[in-house]
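Chemist: show me the folded form of this:
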Amino acid sequence: MPAIVPSAPCPCGSGTAYDACCGPLHRNERQADGVEELMRSRYSAYAVGALDHVFRTWHPRTRPEDLAPDEDLTWTALEVLDVVQEATTGIVEFRAHWSVRGHRDVLHERSTFELRGGRWVYVAAV
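Modeler: All right, here's what the predicted structure looks like:
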């Protein structure tokens, strides 16, 4: 994982320091409390290169066998638009802003999540 200053703002946009926000989830020190926290931690994992967290929090039924980082891609901002969480399922709608070699774009997605073995996991985009 690339070096990140623990006191730097978390890439997920929470307004708190990385080490008080997504850092403990990336280091597998604790689990996400809900679907929004998991989605934010997955976004920031892409931003800081913690792809082991992305893999670990992806439902085994839908995750790819390997996650290869795109060295040219930079994740620049996250907007959470809507969160629906029920007892064992959830949906988070978001916009993830990114750039590649000066080209900027936005990924707009509705992600589905499932509580599996007491842990929230990402299932798929709908």
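
Chemist: which residue is nearest the middle of this structure?
Modeler: The centre of the chain sits closest to residue 42, judged by CA atoms, centre = their mean, with a distance of 1.4 Å.

Chemist: tell me what the longest helix seen in the chain is packed against?
Modeler: Counting by DSSP state H, the longest helix found in the chain is helix 35-48. Where contact means 3 or more CB pairs under 8 Å, 6 or more residues apart in numbering; DSSP states H and E, helix 35-48 is packed against helix 23-26, helix 51-56, strand 73-85, strand 89-100, strand 103-116, strand 119-125. The C-beta positions use only the backbone N, C-alpha and C, and glycine is treated the same way.

Chemist: indicate which one of these is closest to residue 13.
Modeler: Counting by CB to CB, residue 13 lies closest to strand 73-85 out of the helices and strands packed on helix 35-48; the figure is 4.8 Å.

Chemist: let's test this: mean pLDDT of the closest one, rounded?
Modeler: Across strand 73-85, pLDDT averages out at 97.

Chemist: same check on stretch 32-41?
Modeler: Across stretch 32-41, the average pLDDT comes to 98.

Chemist: before we move on, what about stretch 51-59?
Modeler: Here the average pLDDT along stretch 51-59 is 97.
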